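# Build me a model from this:
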Amino acid sequence: MLTEIVEGKPSAGGSGVRVLTDAEKIRRLPFLMAASSTNSTFCVLTFMGAVFILFLNELGFDKTRIGLLLGLIPFSQIAALFVAPLLARVGLKRSFLIFFGLRKVIFSLMLAAPLILERYGVDAAFRWVAVVLGVFSLSRAAAETAVWSWTQEIVPNKIRGKFSAVNTLIATAAVLVTVATAGYVIGHFPGLGRFMVLMGVGLAFGVVSVVLYGFVPGGSAVRQENGLLGAFKTMYATLGDRNYVYFILGLGLATLGLTSLFSFVPLFMREKVGLGAGEVVWLDVAQYSGAILSCFLWGWTSDRYGSKPVMLVSLGVSLSLPVLWFLMPRHGEWSRMAAMGVAVLAGVANIGWTVGFSRYLFVTAVPPERKTPYMAVFYAWFGLLAGAGPLLAGWFLDYCGGLDKRVFTFTIDQFTPFFGTVWVVLLVSLLVLTRIHRDGALATPTFVGMFLHGNPLMAFTSLLRYRWARGESDRVLTTERLGHARTLLSANELIEALSDPSFNVRYEAIIAIAHLPSHPQLVDALLVVLDGDQPELSVAAAWALGKLGDPSAILPMREMLLSDYPLLRARSARALALLGDQDSRALFRERLLSEPDVSLRIAYATGLGALRDQESLADILALLRQTSEPTSREELAFAVARIVSTEPHYIRLRRRLLDDSATSASQIVRHYRRALTFVEGGRMGRLRVRAERCSDMFARGDMEEGLVALRGFVGHLPLERLPMPLRVLLDESLARTAEYGAERFEYVVLLFYVVGRALRHLHTGKPV
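The predicted structure follows:
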């Protein structure tokens with residue numbers, strides 16, 4: 001698919017640029033990943049992460065000054081509104097490389113800060129750092145304004161989530177090693193010199209990243225027809241996109257909360273929790289470890305199920321971080337372990353949020369044909385809130401600096417109201433983002449439910465085995481395991497397995513889908529099989545659709561009642577009954593009387609029993625009398641029982657009588673005596689005597705005489721007070737047990753069942 005424009009030979013359309021295929025993009029993605037990893041190393045050793053914050057703290061700056069300096073970097077992103085049109089004219093790639101390289105040169109001046117501190121004091125050092133960081137930030141803003149639009153151009157949307165995950169995995173692994181080394185250096189060497197060495201190494205990696213970015217294609221110049229004024233109007237017009245406004249509003253609030261939170265967590269750990277400087281840096285290692293462990297899962301799920309659920313779930317996890325930090329033990333033996341555990345969770349949440357919002361930005365929020373104005377507005381807004389976060393947080397923490405109390409076992413200090421405020425901001429962000437358009441097949445509650453229902457671990461291992469399976473037996477086995485996981489995580493693979501070349505795999509996929517929660521995609525896939533030209537699979541699909549219980553399958557299933565295949569008609573009738581299709585009762589009654597095939601008549605009778613159709617009771621009893629096969633008779637008796645009363649009572653009664661008929665029958669009749677309170681006067685005593693004799697006969701193992709005594713007991717009940725279905729079934733059961741005795745087990749069960757239901761009705765007067 002030809003989707004993006006890069007520098008090259010003219011296209012056939014005469015636009016002056018060549019169209020780049022997805023295959024060509026994918027071939028160059030390794031250069032982008034290598035450039036990202038080396039640039040990440042540069043970032044964490046220079047202006048991002050705990051190293052830079054500890055460096056500023058070592059220079060003697062207070063929290064307000066640190067917050068101001070940290071805010072300069074994102075605040076400069078507002079310049080994107082003014083430079084984006086110019087960068088597009090020059091070319092995104094060319095502009096990026098110029099400013100991306102320039103910022104390395106500018107940041108090298110930061111190495112002079114310790115010398116200025118020593119000669120001129122803290123105020124002069126602060127001014128120097130502020131100027132260098134300000135110019136650096138402007139250069140960085142210009143470079144990143146270009147790279148956001150450029151990145152949308154060079155990464156195919158269909159693999160964006162996976163690319164983001166793999167890219168993050170590689171970059172984070174490099175950063176993890178870097179931060180671990182930095183933690184060792186900071187923990188074992190004194191003074192500002194340790195920071196100078198680390199920043200020097202970071203600058204070297206930055207130069208390498210500039211070279212690697214040069215091999216990434218795309219980013220050609222875009223002609224601006226309406227000049228700069230037209231470009232500004234186009235940027236303003238983006239605010240008319242309601243979904244985009246909700247997205248950047250929620251994104252901005254999340255950025256405000258997260259940047260303010262993570263900017264000062266290192267100082268919280270050092271001052272309040274009691275960790276050393278080297279241990280604080282090691283928390284970054286734990287955080288990056290959490291990112292590595294979860295990044296591929298986030299990327300895979302965002303490509304598969306959409307970015308919105310990933311964003312909302314990761315923000316939900318982030319909401320727990322301020323609470324956990326507030327509850328963290330201070331200056332104790334468990335402090336370090338607790339801090340490491342929360343840092344891992346923070347890494348999981350952060351990478352999920354990054355993967356989710358960046359994919360939504362590139363794939364859904366920003367139209368590719370208008371990427372320059374959309375990205376400029378996004379980047380400027382993102383920078384404004386990212387800069388405001390640490391600035392406001394630093395001021396707020398200094399303002400609350402005198403707070404220090406103990407309430408029960410909790411420590412209330414300057415970070416307590418800070419954590420509470422951040423929690424509220426993140427919650428509001430989460431609520432705003434629920435209003436953006438869904439970009440995947442699943443809603444967020446369904447997405448979360450996949451990880452709470454069934455066995456997600458089995459699903460993931462089975463997904464991997466499914467991709468590796470080659471032989472038919474392996475594919476059948478892994479397909480079966482996907483169903484046993486009972487989670488929608490395996491839905492896509494099972495739908496894919498429905499078109500496997502092997503009949504056995506396709507059949508197993510239908511069975512496996514029936515074990516999953518119902519979902520429209522699964523139902524639609526089974527409906528295709530139901531209407532196919534392979535009757536065996538159609539029969540299995542009808543069963544699976546009935547088990548899933550989705551009413552949308554009712555109409556297609558009714559059409560199967562006209563099929564040329566009797567087995568498919570029978571299975572469809574049973575499935576329609578499972579789906580509760582009351583409108584099919586009239587057709588079932590008609591077919592029950594007119595169908596010459598006995599097995600089909602039994603299927604219609606079963607359906608009518610499930611639908612509790614009282615009009616068909618006599619006809620089903622007639623069919624039961626004519627049926628000789630034992631299992632079919634049991635099925636018909638069960639259908640009759642469901643019409644008359646509740647299913648569970650019949651099943652429990654049948655199991656009792658099947659286990660030990662005589663003893664169980666004796667106990668059941670003894671219980672009948674308790675329900676005779678509706679009989680008045682001496683008649684109650686006579687009925688109780690009859691019930692006692694009947695129970696004794698069954699207890700002695702004489703089933704035939706016991707049934708005779710039971711029929712006599714029933715004959716003295718006020719049967720005229722029973723509703724008609726009970727009367728019909730009771731008369732039939734009495735007649736058939738008189739004819740067959742204990743030989744026909746299904747009639748014995750029905751007799752005990754209907755007598756029990758009749759006594760309950762006479763005793764309580766309630767419907768059965």
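# Please make it C-alpha for all contacts and neighbour counts, starting now.
Noted.
# Show me what the lengthiest helix in the chain is packed against.
Longest helix of the chain, by residue count under DSSP state H: helix 122-154. On a contact count with 3 or more Cα pairs under 8 Å, 6 or more residues apart in numbering; DSSP states H and E, helix 122-154 meets strand 2-6, helix 63-75, helix 80-90, helix 92-107, helix 113-120, helix 371-399.
# Now the element after the longest one, going C-ward?
Translated: helix 371-399. Downstream of helix 371-399, the next assigned helix or strand under DSSP states H and E is strand 404-407.
# What strands flank that following strand, and is each parallel or antiparallel?
strand 410-413 (antiparallel) (DSSP bridges).
# can I get the helices and strands packed on helix 122-154 in TSV with mean neighbour count?
What follows is the helices and strands packed on helix 122-154, written out as TSV (neighbours: other Cα atoms under 10 Å):
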stretch	mean neighbour count
strand 2-6	17
helix 63-75	24
helix 80-90	21
helix 92-107	21
helix 113-120	15
helix 371-399	23
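# coming back round to it: between helix 113-120 and the longest helix of the chain, find me the angle.
160 degrees (axes from the mean of the first three to the mean of the last three Cα atoms, to 10 degrees).
# picking up where we left off before, with A491 as the reference, name the closest of the helices and strands packed on helix 122-154.
Closest approach to A491 among the helices and strands packed on helix 122-154 (Cα to Cα): strand 2-6, 29.4 Å.
# For the residue nearest in space to the middle of the chain, pull up the helix or strand it's in.
What sits nearest the mean C-alpha location of the chain, by Cα atoms, centre = their mean, is F447, with 2.4 Å. Following DSSP H and E, one finds F447 within helix 444-452.
# helices or strands next to that helix in the packing?
Using 3+ Cα pairs under 8 Å, 6+ apart: helix 444-452 touches helix 307-318.
# quick one: the helix it packs on to chain centroid distance?
10 Å (Cα atoms, centre = their mean, to the nearest Å).
# Name the surrounding residues that touch the helix or strand just after that helix.
As assigned by DSSP H and E, the chain's next helix or strand after helix 307-318 is helix 320-327. Applying Cα atoms under 8 Å, 6 or more residues apart in numbering, the external contacts of helix 320-327 come out as 339, 342, 345-346, 410, 415-416, 419-420, 422-423.
# Quick one: distance of helix 320-327 to the chain centre.
24 Å.
# circling back: can you spell out which helices and strands pack onto the very next helix or strand once past the longest helix of the chain?
Of the helices and strands lying after helix 122-154 in sequence (DSSP H and E), the nearest is helix 160-188. On a contact count with 3+ Cα pairs under 8 Å, 6+ apart, helix 160-188 meets helix 22-45, helix 193-213, helix 277-305, helix 335-360.
# in the longest one, what's buried?
To tie it back to what came earlier, the one meant is helix 277-305. For helix 277-305, the neighbour count (16 or more other Cα atoms under 10 Å) marks 277-292, 294-296, 298-305 as buried.
# for stretch 45-65, same thing?
For stretch 45-65, by 16+ other Cα under 10 Å, it's 45-56, 59-61, 63-65.
# Ok, stretch 24-43 next?
In stretch 24-43, counting by 16+ other Cα under 10 Å, buried: 25, 29, 31-43.
# Put the alpha carbons of it into CSV.
Extracted C-alpha coordinates of stretch 24-43, given in CSV (Å, rounded to 0.1, in the frame of the first residue of the first chain):
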residue,chain,number,x,y,z
GLU,A,24,10.6,0.3,2.1
LYS,A,25,9.7,1.9,5.4
ILE,A,26,10.1,-1.3,7.3
ARG,A,27,13.6,-1.9,5.9
ARG,A,28,14.7,1.4,7.3
LEU,A,29,13.1,1.1,10.7
PRO,A,30,16.2,-0.5,12.3
PHE,A,31,18.0,2.8,11.8
LEU,A,32,15.2,4.6,13.6
MET,A,33,15.4,2.1,16.5
ALA,A,34,19.1,2.4,16.8
ALA,A,35,18.9,6.2,16.7
SER,A,36,16.2,6.2,19.3
SER,A,37,18.2,4.0,21.7
THR,A,38,21.3,6.1,21.5
ASN,A,39,19.3,9.3,21.8
SER,A,40,17.6,7.9,24.9
THR,A,41,21.0,7.3,26.5
PHE,A,42,21.9,10.9,25.7
CYS,A,43,18.7,12.1,27.3
